[in-house]
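Participant: could you look at this predicted model? Sequence included:
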Amino acid sequence: MALEVETGRFTVGVFQDIDWAEKGVDALRRQGIAVESLSILGKASPEMSAFIERTLGAPQTLEIHDLGPAMTHGPLVAVLQGSDQGLTKTGIAGTMRRVGFQSHDGRIFHVLTGRGGVMVAIHSEPRAADALAVLHSYGGGNAAIGAWTGRV
């Protein structure tokens, strides 16, 4: 049986492209969401690298199962990758349960990101509802709060 680890609350959405993601992240920051609580994940490209660099800092390159090379930054990535290399071995669909999403949500996040979408996550339980409202307002697809932590 796998050991349950408390990961905190993540709110996640996938924007259709970098332009929409940038608008959404800017809105989150204007709402007072701390930069260190933000995560970005998208397929590797010079544009994705530049977006992450100017928004959060140096991007990390990571090979994600069934997605390929990706650019990432933020606390969500560390939780999904874990010590067992979860993102590398099982991908987004196989790891979103770690942050309280049901398996069908993981598959949706994987498909949207695979189509060129940009996953944005906010690690903040007190601001989860605020973050969700911003994600919805700015086009974050399948935006939701990982409320199933410890139950999936």
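Facilitator: Received, thanks. Residues are numbered from 1 along each chain as shown.
Participant: contacts, neighbours, all on C-alpha from now
Facilitator: Fine.
Participant: strands paired with the helix or strand harbouring residue 12, and their directions?
Facilitator: Residue 12 is part of strand 10-15, with elements assigned from DSSP states H and E. Strand 10-15 sits in its sheet next to strand 118-123 (antiparallel), strand 141-145 (antiparallel), going by DSSP bridges.
Participant: beyond the first one, next helix or strand please.
Facilitator: Same thing as strand 118-123. Assignment by DSSP H and E places the next element after strand 118-123 at helix 128-137.
Participant: got the buried residues for that following helix?
Facilitator: By neighbour count on 16 or more other C-alpha atoms under 10 Å, the buried set for helix 128-137 is 128, 130-132, 134-136.
Participant: again with stretch 90-105
Facilitator: So, applying 16+ other C-alpha under 10 Å, buried residues of stretch 90-105: 91-103, 105.
Participant: may I have it exported as PDB, CA atoms only?
Facilitator: In PDB, the C-alpha atoms belonging to stretch 90-105 read as follows (Å, rounded to 0.1, in the frame of the first residue of the first chain):
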ATOM      1  CA  THR A  90       3.300   7.500 -15.600                       C
ATOM      2  CA  GLY A  91       2.700  11.100 -16.800                       C
ATOM      3  CA  ILE A  92       0.100  13.700 -15.800                       C
ATOM      4  CA  ALA A  93      -2.800  11.300 -15.900                       C
ATOM      5  CA  GLY A  94      -1.100   8.900 -13.600                       C
ATOM      6  CA  THR A  95       0.000  11.400 -11.000                       C
ATOM      7  CA  MET A  96      -2.800  14.000 -10.500                       C
ATOM      8  CA  ARG A  97      -4.300  11.800  -7.800                       C
ATOM      9  CA  ARG A  98      -1.400  12.800  -5.600                       C
ATOM     10  CA  VAL A  99      -2.800  16.300  -5.400                       C
ATOM     11  CA  GLY A 100      -6.500  15.400  -5.000                       C
ATOM     12  CA  PHE A 101      -7.800  14.900  -8.500                       C
ATOM     13  CA  GLN A 102      -9.800  11.900  -9.700                       C
ATOM     14  CA  SER A 103      -8.200   9.800 -12.500                       C
ATOM     15  CA  HIS A 104     -10.600  11.200 -15.200                       C
ATOM     16  CA  ASP A 105      -9.400  14.800 -14.300                       C
END
